[in-house]
Each structure stands twice: as C-alpha cells, then as structure tokens.
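1. attaching a predicted model along with its sequence, questions to come.
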Amino acid sequence: MKVTYFDDTDTLLVEFSETAVEDTRDLDENTLGEYDSNGKLVAITLEHASEHTDLQSFSFSNTAILQHAA
C-alpha cells in the first residue's frame, strides 16, 4: 500500500496494489475509484484533499495480521 500527496495539485492518491488500472469511476465530485480488470479496487484518488482531510495529522498504524491457512 502506498499513499502519495501531490502538493501542486492538492491530490491524495492511495494505492492498494500495483495492479494495472482498467476502469476509473467517479465516486463523488472529488473522489475517483480505480479498479482492475476483475473489478477489484486498486486505488482511490481524492482531489482537493486539503479541503476534505486533515493531512497534517496523517498517521499509520499496523496491527497484527492473522495468517490464514490455505
């Protein structure tokens, strides 16, 4: 997972995987969902990010991930 903020365009990009984007859908007037060929969400783009988020208090936390037996 990768989070990138583009200061010059005030855009926040949250990438959930590196899978190729096949489709982009407007989720609302400032939010785009990007999907792979199977319809799985790959990324979210948020335009005018500083108006819709608190970028200054961004934090990341990681909790233990349970391993599932195949």
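-> Received the coordinates, thanks.

2. check which helix or strand covers Glu51.
-> helix 49-52 (DSSP states H and E).

3. which strands or helices does that helix pack on?
-> On a contact count with 3 or more Cβ pairs under 8 Å, 6 or more residues apart in numbering; DSSP states H and E, helix 49-52 meets no helix or strand. The C-beta positions use only the backbone N, C-alpha and C, and glycine is treated the same way.

4. return the set of buried residues in that helix.
-> Ala49 (16 or more other Cβ atoms under 10 Å).

5. quick one: mean pLDDT over it.
-> On average, the pLDDT along helix 49-52 is 90.

6. which residues are contacting that helix?
-> Tyr5, Asp10, Thr11, Leu12, Asn30, Leu46, Leu55 (Cβ atoms under 8 Å, 6 or more residues apart in numbering).

7. and the residue nearest to the first one when sequence neighbours are not counted, how far from Phe6?
-> Counting by Cβ to Cβ, 6 or more residues apart in numbering, Tyr5 lies nearest to Leu12, which is 5.3 Å off, once chain neighbours are set aside. The gap separating Leu12 from Phe6 is 8 Å, by Cβ to Cβ, to the nearest Å.

8. neighbour count for these two, which is higher?
-> Leu12 (21 against 12; other Cβ atoms under 10 Å).

9. so that one is in contact with Thr31, correct?
-> No. Using Cβ atoms under 8 Å as the test, Leu12 is too far from Thr31 to be in contact (9.7 Å).

10. which residues do those two both contact?
-> Thr45, Leu46.
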